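[1] any chance you can model this:
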Amino acid sequence: MTPTLMPPPETVAPPAEERCDRCNAGGKLRVLLAGGGELVFCGHHANKYADQLVKIAIDVAVSPDFTWRGTI
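    Just a heads-up that it's a prediction; the model follows:
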């Protein structure tokens, strides 16, 4: 059996079919929470909540075509 190599989670962007948890637009940012859950946001909501998200996220995945204001 050949092992499958996966890129680190921070380089994996949300798939196009994932939808924003706030408005159902296309997902641009996936946030992994310390409690084990995850959230997906469109670009508008990802930047709107950036300050709060950096406080609760343990990992993020940003779509390559999106510039997020937050930093972890």
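
[2] any idea which helix or strand carries residue 46?
    Using DSSP states H and E, residue 46 sits in helix 43-48.

[3] okay, buried residues for that helix please.
    For helix 43-48, burial by neighbour count (16 or more other C-beta atoms under 10 Å) applies to 43, 45, 46, 47. C-beta here means a position set from N, CA and C on the backbone, and glycine is covered the same way.

[4] surely the first one and residue 66 touch.
    Yes - look at residue 43 against residue 66 with C-beta atoms under 8 Å: they come within range, at 5.2 Å.

[5] could you pull up phi and psi at residue 51?
    Backbone torsions of residue 51, given as degrees, to the nearest 10, read phi -60, psi -40.

[6] what about the helices in this protein?
    Remark: helices assigned in the chain by DSSP state H are 43-48, 50-56.

[7] mean pLDDT and distance to residue 19 added to the ones you listed, as TSV?
    Formatted as TSV, those follow (pLDDT from 0 to 100; distance: least, C-beta to C-beta, whole Å):
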stretch	mean pLDDT	distance to residue 19
helix 43-48	96	11
helix 50-56	93	17
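
[8] returning to that earlier point: what is in contact with residue 43 and residue 66 at once?
    Residues touching both residue 43 and residue 66 by C-beta atoms under 8 Å, 6 or more residues apart in numbering: 28, 29.

[9] beta partners of the residue nearest to the spatial centre of the chain?
    By C-alpha atoms, centre = their mean, the chain has its centre lying nearest to residue 30, at 1.6 Å. Here residue 30 sits in beta bridges with residue 40, residue 61, as judged by DSSP bridges.

[10] right, and it touches residue 60 too?
    Yes - Residue 30 is in contact with residue 60 according to C-beta under 8 Å; the separation is 6.8 Å.

[11] about what we covered before: and the helix holding residue 46, C-alpha only, in CSV?
    Output in CSV follows, covering the C-alpha atoms of helix 43-48 (Å, rounded to 0.1, in the frame of the first residue of the first chain):
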residue,chain,number,x,y,z
GLY,A,43,-14.5,36.7,1.9
HIS,A,44,-16.8,39.4,3.3
HIS,A,45,-17.6,37.7,6.5
ALA,A,46,-14.0,36.3,6.9
ASN,A,47,-12.7,39.9,6.9
LYS,A,48,-15.6,41.2,9.0
